[in-house]
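Peer 1: Need coordinates for the below:
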Amino acid sequence: MESQNLKQRFRDDSGITTTTNEKDNNEKNRASSREKRMALAKRGLRSLAIAVSFPLSLTLLNIYLFGSGHSYGALAKPFWFPPLWFIHITCMASSFVMGLSAWLVWAEGGFHERPTAFSLYLAQLGLSLVWLPIVFWMRASWVGLIVCLAVFGALVGCSRDFREVNPIAGDLVKPCLAWAAFLAIVNLKLVFL
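Peer 2: So this is what the prediction gives:
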């Protein structure tokens, strides 16, 4: 039988001889590639932290400055109206998720391929920040409704553009779309209260 004549091959078989210089070079190359990967990972984490914390901090500042909503609390609202604290928390979550999805698109190089995606993201961010003072501070519900519908339109555009670059980023926009639609309904009801 042929299988009885087979020999097991070991790593240090003769035929492959390496010098200590080659081993040192291989170890140095592995160490340098590991350092490069670590540097890339650190840079990626830094950019993720910036992409998420920037819109989140703007939203927190907006809530701090304009989010008291004394008139909202005094209104006789239907039972399905969210309390003000829930609106604030959900706006923060929405800005966090949008920052994350924008980072995913940026990491794929999507803002260079599709510059309209970045414009739509900035429009969505700006309009979201403007909505709170318009509705709760200036009490202009009609204007707030128009702004809310514009936010919804910008989110639809973001969802389409983001999905073409990174499907996960496009899917992350969907909860924000649902929240913007719900806010538009709440805002419409505020117009007629």
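Peer 1: in this structure, which spans are helices?
Peer 2: For the chain, applying DSSP state H gives helices covering 20-66, 70-74, 84-107, 110-113, 115-132, 141-165, 167-191.
Peer 1: a markdown table please, covering those helices and showing mean neighbour count and mean pLDDT.
Peer 2: The way it works is simple: take the backbone N, C-alpha and C, and place the C-beta from them, glycine included. What follows is the helices of the chain, written out as a markdown table (neighbours: other C-beta atoms under 10 Å; pLDDT from 0 to 100):
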| stretch | mean neighbour count | mean pLDDT |
| --- | --- | --- |
| helix 20-66 | 13 | 82 |
| helix 70-74 | 12 | 72 |
| helix 84-107 | 20 | 94 |
| helix 110-113 | 15 | 87 |
| helix 115-132 | 19 | 95 |
| helix 141-165 | 20 | 95 |
| helix 167-191 | 18 | 94 |
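Peer 1: And for the residue nearest to residue 140 when sequence neighbours are not counted, the neighbour number?
Peer 2: Once flanking residues are discounted, residue 140 sits nearest to residue 134: 5.2 Å by C-beta to C-beta, 6 or more residues apart in numbering. Using other C-beta atoms under 10 Å, residue 134 is surrounded by 21 other residues.
Peer 1: quick thing: my sequence starts at 42, can you match it?
Peer 2: Let's use 42 as the start, then, which means that last one is residue 175.
Peer 1: ok, residue 175 to residue 208 distance?
Peer 2: For residue 175, the distance to residue 208 (C-beta to C-beta, to the nearest Å) stands at 34 Å.
Peer 1: Brilliant, that's me finished.
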